[in-house]
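> what shape does this take:
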Amino acid sequence: MKQNAVSWLFTVPAMKKLYILALIILQAVYGASGVLYALLLRNIVDNAVAGNRSGFRQYAILTGLLVLGI
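Got it, this is the predicted structure:
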């Protein structure tokens, strides 16, 4: 039963396998950037509370670059 499902998954999307792979990679990048965004925002808040201007500025710039997609 399991072998039939696996073979079906490889035969049905025949020519669309590259598109599926591209979507999987894109979703992985989106997921990783979401986690990175949360970490950067946490560091912005931590540095603001600590009064660390250079750390605040650094993480704010990094967050801006992430949002811009650089």
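
> give the buried residues for whichever strand or helix holds residue 64.
Assigning secondary structure by DSSP states H and E places residue 64 in helix 53-68. Residues of helix 53-68 classed as buried by neighbour count (16 or more other Cβ atoms under 10 Å): 56, 59, 60, 62, 63. Every residue, glycine included, has its C-beta placed from N, CA and C.

> with stretch 25-40 instead?
Residues of stretch 25-40 classed as buried by neighbour count (16+ other Cβ under 10 Å): residue 40.

> ok, now stretch 37-52?
Under the neighbour-count criterion of 16+ other Cβ under 10 Å, stretch 37-52 has 40, 43, 44, 47 buried.

> ok, residue 15 to residue 60 distance?
To residue 60, residue 15 is 45 Å away according to Cβ to Cβ, to the nearest Å.

> likewise residue 12?
In terms of Cβ to Cβ, residue 12 sits 47 Å off from residue 60.

> kindly report the same for residue 70.
If you measure residue 70 against residue 60 using Cβ to Cβ, the figure is 14 Å.

> repeat that for residue 25.
29 Å.

> which strands and helices sit next to the helix ranked longest in the chain?
Ranked by residue count, the top helix of the chain under DSSP state H comes out as helix 17-50. Counting by 3 or more Cβ pairs under 8 Å, 6 or more residues apart in numbering; DSSP states H and E, the packing neighbours recorded for helix 17-50 are helix 53-68.

> and the average pLDDT for stretch 36-53 is what?
For stretch 36-53, mean pLDDT is 96.

> what do you get for stretch 9-24?
For stretch 9-24, the mean pLDDT works out to 80.

> tell me the gap between that stretch and the middle of its chain.
Here stretch 9-24 shows a centroid-to-chain-centroid distance of 21 Å under the convention Cα atoms, centre = their mean, to the nearest Å.

> and for stretch 58-70?
In this view, stretch 58-70 has its centroid 14 Å away from the chain centroid, taken as Cα atoms, centre = their mean.

> stretch 7-18 now?
Taking mean C-alpha positions (Cα atoms, centre = their mean), stretch 7-18 and its chain are 26 Å apart.

> perfect, that will be all.
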